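Visitor: Sharing a model prediction with you, sequence too.
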Amino acid sequence: MNAQEAELLYPLGDALPMGGGTLAVAPGVKWIRMVLPFALDHINLWLLEDDIGGQRGWTVVDCCVSRDEAKASWEQIFAGELDGLPILRVIVTHMHPDHIGLAHWLCERWKAPLWISATDYNTASLSIRSSTGFGGENSADFFASHGLANPEHLAQIRGRSNYYPGLVPAVPRSFHRMMDGQVIRIGGRDWTCISGYGHAPEHIALSCPEVKLLISGDMVLPRISTNVSVYDVEPESNPLTLFLQSIDKFRALDTDTLVLPSHGKPFRGLHIRIAQLHAHHHDRLAEVMQACAASPCSGADILPVMFKRPLDLHQTTFAMGEAVAHLHTLWFEGRLLRLRGSDGIYRFYPA
């Protein structure tokens, strides 16, 4: 446990749900943990007791990627954790594969509707038909324009045109729209939608003040900072500023709120964690500014400044997006200027 993590409180200690099982975190709320085939090796999913139109059952929050292993874990949960009741609704916090990958399967299996923001539903629908943001020719060209020069990496990125549909083969044909401030009645309790930007197009977290719970999705994680990236589909975006503005919306919640994150363990200390995330990005921005003051920098030049460990290709693409996001924040603030060189690479230097 690092020093920052030690400032947080983990009320369940080291307890984790068993594979194919659940762990109760609050009355009517069960924690599921499924394996992911990435460096970030797990995702947390949530079962909420529900009653819709007099029918008792469960609302699922997030789904895992579409893999046989995940389906097998879900089958165990269906058999042993639902108390013989059906899944009535599937809520997806955002459109990234580990969250929406099996939504189509769950919705079809249980004849349950999908609830998601309109922006993320439509982005997912486009992404299963294209390589936007996750691989393919456009992504490779975008990373090259920000200094990624490794021919092997660029070739692999070009070859990843099937990355998103490989993990999200389909999305449900219809959905219920979730919006900021909307109140959803789940199991006799009111859950308020809180929109967030910077990590996904329109991420929706869920807060239940009555029992001081926050299903934070990927917006607030206890151990790591959420990936905030610029993608080829929106090459001049400013996601880091949007992300930091978004997490400040959680400051209105009770200081004793139990945060249920998508990765890591449930924790208390939400306001502390928000301050830590601001400090983390403030420090990274200072490092990036210092590097650009020494010599004009591309996104690739910033990788060793922000990331001190070796990165595989999967991590490199996320890291490149983050490096450009930090450069763009300083660019949008007017502290850096951007110039595209004769080699086609964008470099940033002090204003």
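Guide: Cool, got the structure.
Visitor: what's the span of stretch 174-193, first residue to last?
Guide: With Cα to Cα, to the nearest Å applied, stretch 174-193 spans 20 Å between its terminal residues.
Visitor: Buried residues in it, which are they?
Guide: For stretch 174-193, the buried set under the neighbour-count rule, 16 or more other Cβ atoms under 10 Å, comprises 175, 178, 182, 184, 186-187, 189, 191-193. Just so you know, the C-beta spots here come from the backbone N, C-alpha and C atoms, and that holds for glycine as well.
Visitor: And for stretch 192-210?
Guide: By neighbour count on 16+ other Cβ under 10 Å, the buried set for stretch 192-210 is 192-208.
Visitor: what packs against the longest strand seen in the chain?
Guide: Among the elements of type strand in the chain, defined by DSSP state E, the one spanning the most residues is strand 42-52. In terms of contact count using 3 or more Cβ pairs under 8 Å, 6 or more residues apart in numbering; DSSP states H and E, strand 42-52 is assigned the packing partners strand 29-35, strand 55-61, strand 87-91, strand 258-261.
Visitor: Contacts for the following helix or strand past the last one next, please.
Guide: From strand 258-261 onward toward the C-terminus, using DSSP states H and E, the following helix or strand is strand 267-268. Strand 267-268 is touched from outside by 8-11, 222, 256-259, 261, 273, with contacts defined as Cβ atoms under 8 Å, 6 or more residues apart in numbering.
Visitor: Out of the residues you listed, give me the one that has the most neighbours.
Guide: When neighbours are counted as other Cβ atoms under 10 Å, the busiest of the contacts of strand 267-268 turns out to be residue 259, with 26 neighbours.
Visitor: okay, that one: pLDDT?
Guide: Predicted confidence (pLDDT) for residue 259: 98.
Visitor: Likewise for residue 156?
Guide: Here the pLDDT value assigned to residue 156 is 91.
Visitor: What is the burial count for the residue lying closest to it once chain neighbours are set aside?
Guide: The shortest distance from residue 156 to any residue that is not its chain neighbour, by Cβ to Cβ, 6 or more residues apart in numbering, is 5.5 Å, and that residue is residue 313. Look at residue 313: counted by other Cβ under 10 Å, it has 12 neighbours.
Visitor: wait, what's in contact with residue 313?
Guide: 153, 156-157.
Visitor: if I look at residue 52, how far off is residue 39?
Guide: Between residue 52 and residue 39 the computed distance is 38 Å (Cβ to Cβ, to the nearest Å).
Visitor: okay, those two: which has more neighbours?
Guide: For the pair residue 52 and residue 39, the greater number of neighbours falls to residue 52 (15 against 10), based on other Cβ under 10 Å.
Visitor: which residues does the more buried one bridge with?
Guide: Partner residues in beta bridges with residue 52, using DSSP bridges, are residue 55.
Visitor: Show the contacting residues for residue 94.
Guide: With the criterion set at Cβ under 8 Å, 6+ apart, residue 94 makes contact with 100, 116-117, 120, 199-204, 217-218.
Visitor: Let's see that with 6 Å instead.
Guide: 120, 200, 203 (Cβ atoms under 6 Å, 6 or more residues apart in numbering).
Visitor: secondary structure element for it?
Guide: Short version: residue 94 belongs to no helix or strand, going by DSSP H and E.
Visitor: Okay, the closest residue to it other than its chain neighbours and residue 35: tell me how far apart.
Guide: In space, not counting the residues next to it along the chain, residue 94 is nearest to residue 200; the distance is 3.6 Å by Cβ to Cβ, 6+ apart. With the distance defined as Cβ to Cβ, residue 200 ends up 22 Å from residue 35.
Visitor: before we move on, what about residue 303?
Guide: Shown here: residue 303 relative to residue 35, a distance of 28 Å by Cβ to Cβ.
Visitor: Between these two, which is the more surrounded one?
Guide: When neighbours are counted by other Cβ under 10 Å, residue 303 and residue 35 differ, and residue 303 comes out ahead with 19 against 15.
Visitor: Mind giving me the packing neighbours of the helix or strand the more buried one falls within?
Guide: Element membership for residue 303 (DSSP H and E) is helix 299-306. Helix 299-306 sits against helix 270-294, helix 313-332, with contacts defined as 3 or more Cβ pairs under 6 Å, 6 or more residues apart in numbering; DSSP states H and E.
Visitor: That'll do, ta.
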